[in-house]
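Peer 1: Using only what follows, build the 3D model:
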Amino acid sequence: MQDHTTKKTLLLMRHAAPILSDGPDFDRPLSVLGKNDAQAAGKILSSYKIDAVFCSPAARTRQTWECVQVGGASASQVVYQDNLYAASAREIAALVSGLPETASTVLVIGHNPALAEAARLLCRPNFRTGFLENGLAHAAIVVLDFSDLWLNAEGNMNLVAHHLV
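Peer 2: Predicted structure coming up:
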């Protein structure tokens, strides 16, 4: 198990693959592939002691978190935050900046293009983020580690890993 207690870790995860549907976008559930990918992501995330999850309330993001838990991840607190469904990168950065200092590791489950843009926004300007230009793949996880306060998150994070399930 990794020790993430001496730094701040932000985990940004795009929801897993949903089914194609003519119904409302908000209500699209995960496909079988999406469920399997989210469970595999849960195995990766199980090595983190997640203090809080902030999740879009859309069906596919809720189901992503449920499958991530089946894969072995857990969190002390889960918040389904309405504004994450259509959040901008700046709104995600503002969410991060407002996190309590007692939280060491936070997972945000949301949607493209905002998550990829937030990752680019939160990384140091000289850090390579070109792989984020086309957004995040379904069930992709971006891990951002830094040793500063959440309040100073913007521009102070180092991208340390990008896992594609």
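Peer 1: what separates the residue of the chain positioned farthest from its centre from Phe146, distance-wise?
Peer 2: For the chain, the largest distance from the centre (C-alpha atoms, centre = their mean) belongs to Asp22, which lies 26.3 Å off. To Phe146, Asp22 is 42 Å away according to C-beta to C-beta, to the nearest Å. Heads up, the C-betas are built off the backbone N, CA and C, glycines and all.
Peer 1: Figure out how far the helix or strand harbouring Thr64 is from the centre of its chain.
Peer 2: Secondary structure from DSSP states H and E places Thr64 in helix 59-70. Chain-centre distance of helix 59-70: 12 Å, with C-alpha atoms, centre = their mean, to the nearest Å.
Peer 1: and Val106, which of the three is it?
Peer 2: Under DSSP: H, G, I helix; E, B strand; the rest coil, the three-state class of Val106 is strand.
Peer 1: so it makes contact with Phe54?
Peer 2: Yes - between Val106 and Phe54 there is a contact under C-beta atoms under 8 Å: 6.9 Å.
Peer 1: How many neighbouring residues does Tyr80 have?
Peer 2: For Tyr80, the count of nearby residues is 16 (other C-beta atoms under 10 Å).
Peer 1: Check what pLDDT it gets.
Peer 2: Looking at Tyr80, its pLDDT stands at 97.
Peer 1: The longest helix anywhere in the chain: what's the following helix or strand?
Peer 2: In the chain, taking DSSP state H as the definition, the longest helix is helix 32-45. Elements were assigned by DSSP H and E; along the chain past helix 32-45, the next helix or strand is strand 50-55.
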